Each structure stands twice: as C-alpha cells, then as structure tokens.
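# Return atomic coordinates for the entry below.
(one chain, ligands or ions: 2)
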Amino acid sequence: MHPLSNYNIVICRYSEVALKGKNRWRFEKCIIDRLNLLLNMLPEMTVGKIRGRIIIHKQDFSTFSEKECKTVKNALNYVFGIDSFSFCIRTDTDMEAIKAAVYNCFNIKVLSTVDEIKNRLPTFRIRVKRNNKNFSYSTRETEIILGELVSSFSKDLRVDLSDKADFSLFCEVYKNFTLIYSEKYMAQGGLPSGSNQPVLSLLSGGFDSPVASYSMMRRGVFVDFLTFHSYPFTPMETVEKIKRLTAVLNKFQGNRKLFVCNFLETQKTICEKIFENFRTIHYRRIMFRLAEKIAALNGNKALVTGESVGQVASQTIANLSNIDSAIEILVLRPLISEDKIKIMNTAKKIDTFDISKVQTPDSCTVFSPSNPSTNAPKNMILAGDRKMDIKSLIDTAYSNTTVIDVNTNEEIPAADYFQSV
Ligand code: ATP
Ligand code: MG
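Numbers count the residues shown, from 1 in each chain. Ligands and ions are numbered 1, 2, ... in the order given. I've put the predicted structure just below:
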C-alpha cells in the first residue's frame, strides 16, 4: 500500500454471497455487522453497501491516514464472506477529476515501480469499467486517455494488458462517482460469521482441531470450544495452550466460550472397568457424550473434530463409527480426507502452528495402551458400556467442567454458567 495515495474508500468483493438470491441481504448484513464491530475504534468510519459490494469510508469521504489504512486492512483479514478488497480513490465522474486523481495519487507509485525493475522495461496496464453509459467517453477512449497520462510519468513504461503487468490501474466509472485503484488484496472468502448455526469444537492442542475449527468458522459458523485434560497427570500447560489457541481462533469470530473438562476422575473409572486395548475408544465415547450434553445446553447444533481417516488408531473408519454410535448429535469432521501437510500449512496461515507445535501431553493418552485396537468390534464396545454407569460418568465429567472467558481469564463451573444464562 502506498502511503501517498490518498485512499478514501475501500471496496470489498464477494462471490459466494453474491449467489444467495433473495437471502443475500441477510449475508451482507452479517458482513456489515462484523466489520462495524472490528472497526468500532475508528468511529468516523462507516460501512455500507453499493451494487453488490461492501464499502468502507469516512462519512465525508476524507482521506484515510496511514494508521487507518493499516487498521482497516488488518480487520479485513479476520472477516469471512469477503473474497478480495481494494483501497480506492473516490472522485467525481468527470474526466478532468479522474485525470487529476490518477496524477496526484499514482504518479509516485508508478515511479517507484519503475525504480524497482532492473534489466528490463517496466510494464503497465489500464482497465476501465464503465457502469455509467452516459459518461461522455467510451471505455476504450478512457483507457487511451489514462494510458497516455500514465506513460507520461516515465518514458521507460511499456504496455502489457495481461495481469502480469508491473503496474495495473483500475478505473470504475459510476453515475455519481468514479473509483480508481491499483491493487487487489485477497481476503478470507467463505461465508460471513453468524450466517449458520453455532457448533461446539473438541479442541486439543494438536495441529488438526484448531484448523478444523477455523474451517467451520470460514463457512459462517460460530464455534465454541471444549477441551479435556487430566490434571495433574497432564500439566496445566496443556490448558494454557488451549486458551492461547482459543484466543487466536476467536480473532476470526469474536469472543466465544471455552469449556474445560478435567477428565481424570472419569478416566480412572473407565480404566478400572475396560480392557486396555479398548480404553481410548471408551474415553472418546464419554468425551463425545459430555460434548453432546454441553452442546445441547449451549445451543450448539453439531460437534466438530479434527479427525482425519487413518491418522491414529482411534481414527480408523471402524473406530470413528464406534465413537459416533455413542451419540445422536451430528459430528462434523471437516478434515476427514485432508493430508497432514495441507493441515499444517493452514495452521501456519491462521497462526495456530507455532502454538500447536509445542508438544504437551494429551488427556487421551493418559492410561492408554501401547497398541490400541484399530478395529474394535461394536458388540465388544457395547459390552464395555454395560460394565459402566454411563450416566454417572457423564455427570462426573460435567461436574468437573468449567467455562472460561479467554479475554478476561474468568473461569466458573459450567453448571453455574448454565444456571445463569
Ligand atoms: P489434533 O491434532 O487435533 O490434536 P490428533 O491428530 O492428535 O488431533 P486425536 O488425538 O485422535 O488426533 O484426536 C482427534 C480429535 O479428537 C481431535 O482433533 C479433537 O477434535 C478431539 N480431541 C482429541 N483430544 C482431545 C482433547 N484432549 N480435548 C478435546 N478434544 C480432543
Ligand atoms: Mg491430539
């Protein structure tokens, strides 16, 4: 972004939201609400809508300061539903005004592009879109006039109409105003936050479940979190890591809740009753049952996990099915067919990688066997269930669950929280 460019408006484009037909306004409203929230520290900024785009500008269309540009650009990295955005100059639909804006705002930028290119001649292109057919210049004429103006900035410039040009100038002519810009930034894409029902994500400290949570957020779903630990068999650092992951993920959606269950007491009871090779599956069946209970109380319509076929023993098709049969609620597994490398790349992109890579013991591995069953027969699992008092296991797990606001670090028992809401 060039600091001297006098930007006074940002246009945000979306593609999938544009396909929404009669419901489109609802999706647009979610984007506008989200942007208003993220930009509330810039009270002069307004968020509006023109012709299938979201716009951000000051009420009087005055120029953004460099700090305002940075704040807006950063905010747009955390908004779903927007595919790309551009910082623009908004000027009058008048050829002299357009030429003056191009000269004043892009001359220096073109010259610095020319300076950067060594050993070949720098190239440029002009792209004009004319939405106002009454404008006295045709698209072609406008392109020629602006092309001559830009070439006058440096004698070295050559035309390259492809998107490989070193400098691109876009000019969109509307009836009452014209927008001029030179760069398009890619945004998150997906669907706006809050445009679908909320879910509860089973969040562990690994690479997968944070990425799975992000994948669901990207589809317009608010995500609350539930994690299990086995303190003091797992260190408190395991929970601290989950809090950090939650805070990073919440940047994409606002302050959602983190439920934390100390699973140790429940695990010990399972251990006493269950043959060791099947323990992990039983742990997970009870974990999912507690998750189902919390989801019902918290208004979450599905669970999310970071499971991916074949990654570990509990993630064989047979065992995923053994886990699912414990509950009725829908379980979403957005990474089910994803490769680890791709998951880790996404983790880098969303800033969870560096937190996840610090190894901490997971509660699933406490008292677990060295060779867990990868194909446990369902009848054996059901027989295991009959040896236990499932309801009391869930009650114990629930009574050992707290809810944390990761912004304030305030922590209260889940039972008190649900009584108060
Ligand atoms: P991850 O990288 O997400 O930790 P993983 O490859 O380690 O996953 P598992 O340990 O089998 O695989 O866990 C599979 C999924 O079960 C996780 O992605 C997560 O959704 C859930 N899960 C596992 N352990 C926990 C935990 N301690 N608390 C909450 N959810 C968990
Ligand atoms: Mg794990």
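# Tell me if Phe124 really is in a strand.
Yes: counting by DSSP: H, G, I helix; E, B strand; the rest coil, one finds Phe124 located in a strand.
# Kindly check the end-to-end length of stretch 221-233 for me.
With CA to CA, to the nearest Å applied, stretch 221-233 spans 34 Å between its terminal residues.
# Which residue is it, in the stretch 151-300 of the chain, that comes closest to ligand 1?
Residue of the stretch 151-300 of the chain nearest ligand 1, by CB to the nearest ligand atom: Gly206 (2.1 Å). C-beta: built from backbone N, CA, C; applies to glycine.
# Now for that residue: which residues touch it?
By CB atoms under 8 Å, 6 or more residues apart in numbering, Gly206 lies in contact with 306, 356, 362.
# Do you know the pLDDT at it?
pLDDT for Gly206: 94.
# ok, and it, which helix or strand is that part of?
For Gly206, there is no host helix or strand (DSSP states H and E).
# For Thr238, see how far away whatever residue of the chain ends up closest to ligand 2 is.
Nearest to ligand 2, among the residues of the chain, is Gly206, at 3.4 Å (CB to the ion). Distance check for Gly206 against Thr238: by CB to CB, to the nearest Å, it reads 11 Å.
# okay, now Phe27: neighbour count?
21 (other CB atoms under 10 Å).
# Repeat that for Tyr185.
As a burial measure, Tyr185 scores 15 neighbours (other CB under 10 Å).
# phi, psi of it?
Backbone geometry at Tyr185, expressed as degrees, to the nearest 10, gives phi -100, psi 140.
# Would you mind listing the residues in contact with it?
73, 76, 84-86.
# any idea how far Met95 is from the nearest residue to Ser138 once chain neighbours are set aside?
Nearest residue to Ser138 in three dimensions, chain neighbours excluded: Arg130, at 7.3 Å (CB to CB, 6 or more residues apart in numbering). Distance, Arg130 to Met95, using CB to CB: 12 Å.
# and the two? which has more neighbours close in?
Each of Arg130 and Met95 has its neighbours counted (other CB under 10 Å); Arg130 has more, 20 against 17.
# tell me the contacts of the more buried one?
Arg130 makes contact with 138-139, 142, 173 under the criterion CB under 8 Å, 6+ apart.
# what about the strands in the stretch 251-400 of the chain?
With DSSP state E, counting those that start in this stretch as the criterion, the stretch 251-400 of the chain has strands at 258-262, 302-304, 330-332.
# Pipe those strands into JSON lines and attach mean pLDDT, mean neighbour count and distance to Ile294 per row.
JSON lines is the format used below for those (pLDDT from 0 to 100; neighbours: other CB atoms under 10 Å; distance: least, CB to CB, whole Å):
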{"stretch": "strand 258-262", "mean pLDDT": "98", "mean neighbour count": "24", "distance to Ile294": "6"}
{"stretch": "strand 302-304", "mean pLDDT": "98", "mean neighbour count": "23", "distance to Ile294": "9"}
{"stretch": "strand 330-332", "mean pLDDT": "98", "mean neighbour count": "16", "distance to Ile294": "14"}
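# which one of the ones you listed lies closest to Ala247?
Across those, Ala247 has its closest neighbour in strand 258-262 (9.1 Å, CB to CB).
# How far off centre is that closest one?
23 Å (CA atoms, centre = their mean, to the nearest Å).
# helices or strands next to it in the packing?
Under the contact definition 3 or more CB pairs under 8 Å, 6 or more residues apart in numbering; DSSP states H and E, strand 258-262 sits against strand 223-229, helix 236-250, helix 279-298, strand 401-405.
# most packed of the ones you listed?
strand 223-229 (a mean of 27; mean count of other CB atoms under 10 Å).
# helices or strands next to it in the packing?
Contact analysis of strand 223-229 by 3+ CB pairs under 8 Å, 6+ apart lists strand 199-202, helix 208-217, helix 236-250, strand 258-262, helix 279-298 as its packing neighbours.
# Columns distance to Asn345 on top of those, output as CSV?
CSV is the format used below for the helices and strands packed on strand 223-229 (distance: least, CB to CB, whole Å):
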stretch, distance to Asn345
strand 199-202, 20
helix 208-217, 9
helix 236-250, 16
strand 258-262, 25
helix 279-298, 27
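# Looking at those, which is nearest to Ser337?
With respect to Ser337, and counting by CB to CB, the nearest of the helices and strands packed on strand 223-229 is helix 208-217 at 12.2 Å.
# what residues are up against Ile323?
281, 284-285, 288, 314 are the contacts of Ile323 under CB under 8 Å, 6+ apart.
# and with 10 Å instead?
Contact analysis of Ile323 by CB atoms under 10 Å, 6 or more residues apart in numbering lists 280-285, 287-288, 305, 307, 314-315, 331, 381.
# farthest-separated two in the residues you listed?
Farthest apart among these by CB to CB are Thr305 and Ile381. That separation is 18.2 Å.
# These two: who's more crowded?
Using other CB under 10 Å as the criterion, Thr305 and Ile381 rank with Thr305 on top: 26 against 22.
# thinking the more buried one is in contact with Gln315, fair?
Yes: under the criterion of CB atoms under 10 Å, Thr305 is in contact with Gln315, at a separation of 9.3 Å.
# who touches both of those two?
Common neighbours of Thr305 and Gln315 (criterion: CB under 10 Å, 6+ apart): 208, 323, 333, 336.
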